[in-house]
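In: give the three-dimensional model of this entry:
(chains A and B)
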Amino acid sequence: MLVVENLQLKLNGNSIINGLDLHVGKGEIHGILGENGTGKTTIANLIMGTNNYRPTGGRIIFEGEDISRLSVSQRAKRGITLAWQEPARVEGLTVRDYLSLSAKNGQIEQYLLMVGMEPAQYMDRDIDDTLSGGERKRIEMASVLAMHPKLAILDEPDSGIDIVALPLLLNGIIEMNRQGSSVLLITHSERVTEVAHRVSILCAGKIISSGAPLETSQWFKNNCLTCPHINEPAH
Amino acid sequence: MIRYSVEEEYKGMIDAYQKAGGDESVLKSKDTAKLVVHENRVLANDGIKGLKIDTEETDSGVRVNFTVEKGTKVARPVHLCFGLLPKEGLQEIIMKVDAQDNSEVSVVAHCIFPNAVKVIHKMDADINIGANAKFDYKETHYHGEGGGIEVIPKAKVRVEKGGVWQSTFALSQGLVGKLDYDFEVFCQEKAVAELVVKVYGRGSDDIKILEKIHLDGRGARGMAKSRLVLSDKARAEVRGETYGNAPYARGHVDCMELVNGTEAVAVAIPIVSVTYDTAKVTHEAAIGSIDRKQVETLMARGLDENEAVDVIVRGILK
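Out: Sure thing, here's the model as predicted:
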């Protein structure tokens, strides 16, 4: 479904992404595990086309089409969406309005329930500063669920989520996948990658290892978390 | 100038009101107090028990005496409908409001100018909110796309002990034209004033906003809030002034102006002042472009960029 070939990004002369190759199959939950500063959010931006990021090299192929130069809207209309690490807040836009933008049918309440939120309590609230970071994250996830995307990019979906809500969120990812979405799960947490079918480890803007979640997470623990050369994969 | 019959004027006003999203059934309800004025002619005037609306037609508009009697709690919002259907004209509303002690009322004013090419709409209001009375006033304007209109709403509001004045002025449908908004509120002990202005300026709209609150009584509270979005060559200057002149007065000025494009101009001038060490008045003013992340968030759900900007603007001005 998604094939990323030799992807490169240079910003102000610095190489941020260095020949990254990635393949996400149809129906797959693919985890990308990496320490801070390895380029995780940059990959999300490059695939979604957000933040004015355009590759300086390589290709992003979605369902056989090179989408590298398409706008965010065009990519979304082809079935890709992104849940931000820190979702935007929009004064005057209610949760109902926001979910309705995504929903292909009118039954939006169910998506809040899927992430453990009571519709009557949240539907008419604005997605502004009156919501906590964790509430905003769960609403972001509900919005992605409502969209039924072909590919959902979830950037650090667990950040700001408490331990009570985390299982709900992980169940939301599984449910999203069960409903037909492929998921690119970007995280620094091995706990989150437990729901993935395959995991790749990112270092210095490059995939350095891929495999089954348990083995790859163990490799990450043994090698990356103790590595004195973070983001220097040559070591 | 084309003259209309009273029936034609009323029908024209109601049609324009409905096109702007209004609900005609509200104006037909016998339980709802209302006043409909076209140019300088009073087309409908219905008070209810405890609420009197006296009018006098003048050469250029209407004098209105609006009285809510002591202790009266008006259950349904009162609807005021002012407008001018011809392309040219002047409408001056001189309003005197007396919300007596312990009364409560909510007033919704619709100001309709769908065809304006050279129109002036002025309101000069003298408003008194009695002790422990509560007055909620929402004024919404519906303009056409011509932009040939000058809107000059001015009000002096006195809020007595424990009284509450809340007002919202909204102009986001059609071109603003020229707007010179000037509301000044004087709050006595434990009185509350909340002024909110929401305007969407486009074309060559010229907007001036002055929200001024005097917190003159102990424990008085006030907030002057403004939300403006400016596109094209629109210009706006917003002055939010709050004066804490009494012990334990609390005030806040909150101004946000978003500029969409490179030619619109936004200016914010907050003034806060206190003359007691226990008084506190704060302000925040933000001027900037529409947040790119907000736009991209909506684009990532499938909206085009213009649709995303529109959703954000409507949210801010809601």
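In: only C-alpha atoms from now on, for both contacts and neighbour counts.
Out: Noted.
In: hmm, who's touching stretch B:20-33?
Out: B:14, B:17-18, B:34, B:45-48, B:51, B:76-79, B:142, B:173 (CA atoms under 8 Å, 6 or more residues apart in numbering or on different chains).
In: got it, and stretch B:261-278?
Out: Outside stretch B:261-278, the residues that touch it by CA under 8 Å, 6+ apart are B:230-249, B:253, B:255, B:257-259, B:280-283, B:285, B:287, B:289.
In: repeat for stretch A:26-37
Out: The contact list for stretch A:26-37 (CA under 8 Å, 6+ apart) reads A:1, A:24, A:40, A:177, A:180-190, A:193, A:195-204, A:220, A:224-225, A:230-231.
In: among those residues, name the buried ones.
Out: Taking 16 or more other CA atoms under 10 Å in any protein chain shown as the criterion, what is buried in these is A:1, A:24, A:40, A:177, A:181-190, A:193, A:195-204, A:220, A:224, A:230-231.
In: if we can go back for a sec, from the contacts of stretch B:20-33, which is closest to chain A?
Out: Nearest to chain A among these is B:Q173, at 16.8 Å by CA to the nearest CA.
In: the closest one touches B:G147, doesn't it?
Out: No. B:Q173 lies out of contact with B:G147 (CA atoms under 8 Å); the separation is 11.0 Å.
In: more crowded one of those two?
Out: Taking B:Q173 and B:G147 together and counting by other CA atoms under 10 Å in any protein chain shown, B:G147 has the greater number of neighbours (23 against 17).
In: my read is the more buried one is in a helix, agree?
Out: No. B:G147 is assigned coil when assessed by DSSP: H, G, I helix; E, B strand; the rest coil, not a helix.
In: phi first, then psi, for it.
Out: The phi and psi values for B:G147, taken as degrees, to the nearest 10, are phi 80, psi 0.
In: repeat that for A:V95.
Out: Torsion angles, degrees, to the nearest 10, at A:V95: phi -60, psi -40.
In: nearest residue to it other than its sequence neighbours?
Out: A:M123 (5.0 Å; CA to CA, 6 or more residues apart in numbering or on different chains).
In: quick one: contacts for the one you found?
Out: A:M123 makes contact with A:94-96, according to CA under 8 Å, 6+ apart.
In: re the thing from before, any of the contacts of stretch B:261-278 buried? List them.
Out: Buried subset of the contacts of stretch B:261-278 (neighbour count, 16+ other CA under 10 Å): B:230-249, B:253, B:255, B:257-259, B:280-281, B:283, B:285, B:287.
In: any idea of the pLDDT on the residue in chain A positioned nearest to chain B?
Out: Residue of chain A nearest chain B, by CA to the nearest CA: A:G92 (3.9 Å). According to the prediction, A:G92 has pLDDT 92.
In: repeat for A:P233
Out: A:P233 carries a pLDDT score of 61 in this model.
In: surely the residue of chain A closest to chain B forms part of a strand?
Out: Yes. With three-state DSSP as the criterion, A:G92 is located in a strand.
In: my guess is it contacts B:V311, does it?
Out: No. With contacts counted by CA under 8 Å, A:G92 stays clear of B:V311, the gap being 9.3 Å.
In: point out where chain A drops to low pLDDT.
Out: By pLDDT under 70, the low-scoring segments of chain A are A:229-235.
In: quick one: name the residues of it near chain B.
Out: A:48, A:50-51, A:72-77, A:80-82, A:87-93, A:101-102, A:144, A:147 (CA under 8 Å from any CA of the partner chain).
In: show me what contacts residue 192?
Out: Chain wasn't specified; assuming chain A. Contacts for A:V192 (CA under 8 Å, 6+ apart) come out as A:158, A:170.
In: wait, chain B
Out: For B:V192, the contact set (CA under 8 Å, 6+ apart) comprises B:159, B:162-165, B:220-222.
In: from B:A224, how far out is it?
Out: 11 Å (CA to CA, to the nearest Å).
In: look up the closest residue to the residue of chain A closest to chain B, ignoring the ones flanking it.
Out: Spatial nearest neighbour of A:G92, excluding adjacent residues (CA to CA, 6+ apart): B:G315 at 3.9 Å.
In: who are the packing partners of whichever helix or strand the one you found is part of?
Out: Secondary structure from DSSP states H and E places B:G315 in helix B:305-317. Here helix B:305-317 touches strand A:90-94, strand B:192-201, strand B:221-231, helix B:292-299, going by 3 or more CA pairs under 8 Å, 6 or more residues apart in numbering or on different chains; DSSP states H and E.
In: what about the longest helix in chain A?
Out: helix A:133-147 (DSSP state H).
In: show residues contacting that one.
Out: Residues outside helix A:133-147 that contact it (CA under 8 Å, 6+ apart) are A:81-87, A:95, A:98-99, A:102-104, A:108, A:111-112, A:114-115, A:117, A:127, A:152, A:157, A:159-162, A:169, A:172, A:176, B:301.
In: do stretch B:117-131 as well
Out: Residues from elsewhere that reach stretch B:117-131 (CA under 8 Å, 6+ apart): B:87-103, B:135, B:146-165.
In: filter those down to the buried ones.
Out: Buried members of those, counted by 16+ other CA under 10 Å: B:87-103, B:135, B:146-165.
In: in strands only, show me the residues you listed.
Out: Taking DSSP state E, the ones among the buried ones among the contacts of stretch B:117-131 that sit in strands are B:88-99, B:135, B:149-159, B:164-165.
In: and the residue nearest the centre of chain A, what is it in contact with?
Out: In chain A, the residue lying closest to the centroid (CA atoms, centre = their mean) is A:L154, at 1.7 Å. By CA under 8 Å, 6+ apart, the contact list for A:L154 reads A:82-85, A:183-186.
In: do the same with B:E305
Out: A:73, B:295-296, B:299.
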